[in-house]
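J.: what would the 3D arrangement of this be:
(2 chains)
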Amino acid sequence: DGGITQSPKYLFRKEGQNVTLSCEQNLNHDAMYWYRQDPGQGLRLIYYSQIVNDFQKGDIAEGYSVSREKKESFPLTVTSAQKNPTAFYLCASTPPGRPGEQFFGPGTRLTVL
Amino acid sequence: QQQVKQSPQSLIVQKGGISIINCAYENTAFDYFPWYQQFPGKGPALLIAIRPDVSEKKEGRFTISFNKSAKQFSLHIMDSQPGDSATYFCAASITGGGNKLTFGTGTQLKVEL
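T.: The predicted structure follows:
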């Protein structure tokens, strides 16, 4: 089955710890995105990558970092510098030739205690 | 700065009724307007999308109406069903601009029997 996988589904961390969220896709999509979802605020773009070894900041990149070493993988690290990291994190990708269409993974709910 | 404003925040409709969700945008460079449907604990899924060269697009029970001069677009769900109960997000993007989506804040729809 082709799709986007995010793991784990639920993640708990202590305040001050860095944590890395996984996003893998086997759709052969070039572009990948990370969003943060909070109640009543919709989805906000954290980082995006259009090709391997290249990525750009989104609207709320502070306190986050990413890498794109492989086409299939776009991990997101939530650092201790992120002031309010508890949220639902969504990864997405866009098929070539269909700009604007994004396919989303199932999400990871991160809770920082 | 919120570039896509969505209303209402929540909506209750009787089974068989029409659900209407509205969005307004500010950036006239937006050229792709999708709607996403999200069920609790899941990632959003593309429902229907429109480009500004048409005023209406219909797919089954779902219709997008687009008013370019007013910079508004809306989603109509005809014959609403309990299975339509979900959160709906409008979005907008600029082709070539990283294909980044700017999302509205979401509408929580509940269809009652």
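J.: give me every residue in chain A lying close to chain B.
T.: A:4, A:31, A:33, A:40-45, A:48, A:50, A:56, A:58, A:90, A:92, A:94, A:99-107 (CB under 8 Å from any CB of the partner chain). Quick note: C-beta positions are derived from backbone N, CA and C, even for glycine.
J.: ok, what's across the strand from the residue in chain A that chain B sits nearest to?
T.: Across chain A, the shortest distance to chain B (CB to the nearest CB) belongs to A:Phe104, at 3.3 Å. Listed by DSSP bridges, the beta-bridge partners for A:Phe104 are A:Ala92.
J.: ok, now which ones touch it?
T.: Counting by CB atoms under 8 Å, 6 or more residues apart in numbering or on different chains, A:Phe104 touches A:Ile4, A:Leu90, A:Cys91, A:Ala92, B:Tyr36, B:Gly43, B:Pro44, B:Ala45.
J.: distance check, the fifth one against chain A.
T.: When distance is defined by CB to the nearest CB, to the nearest Å, B:Tyr36 is 8 Å away from chain A.
J.: so that residue touches B:Ile48, yeah?
T.: No: B:Tyr36 is beyond contact range of B:Ile48, at 9.4 Å (criterion: CB atoms under 8 Å).
J.: higher neighbour count, those two?
T.: With neighbours defined as other CB atoms under 10 Å in any protein chain shown, B:Tyr36 and B:Ile48 compare such that B:Tyr36 has more, 25 against 17.
J.: so which of the contacts of A:Phe104 sit within strands?
T.: A:Ile4, A:Leu90, A:Cys91, A:Ala92, B:Tyr36, B:Ala45 (DSSP state E).
J.: which of those sits closest to B:Gln72?
T.: Nearest to B:Gln72 out of the ones in strands among the contacts of A:Phe104 is B:Tyr36 (CB to CB; 17.9 Å).
J.: the closest one pairs with what?
T.: Counting by DSSP bridges, B:Tyr36 is bridged to B:Leu46, B:Phe89.
J.: follow-up on the earlier one: which one of the contacts of A:Phe104 is nearest B:Ser74?
T.: Using CB to CB, B:Tyr36 is the member of the contacts of A:Phe104 that lies nearest B:Ser74, at 14.7 Å.
J.: before we move on, the earlier item: who wins for most neighbours among the ones in strands among the contacts of A:Phe104?
T.: A:Cys91 (28 neighbours).
J.: make sure that one is actually in contact with A:Gln37.
T.: No: A:Cys91 lies out of contact with A:Gln37 (CB under 8 Å); the separation is 11.5 Å.
J.: intersection of neighbour lists for the two?
T.: A:Gly107.
J.: ok, how many other residues are close to the nearest residue to A:Gly40 once chain neighbours are set aside?
T.: Spatially, and ignoring its direct neighbours in sequence, A:Gly40 is nearest to B:Thr105 (6.1 Å; CB to CB, 6 or more residues apart in numbering or on different chains). A total of 20 residues lie near B:Thr105 under the criterion other CB under 10 Å.
J.: what's the answer for A:Gly40, then?
T.: So A:Gly40, with other CB under 10 Å, has 8 neighbours.
J.: thank you kindly, that will do.
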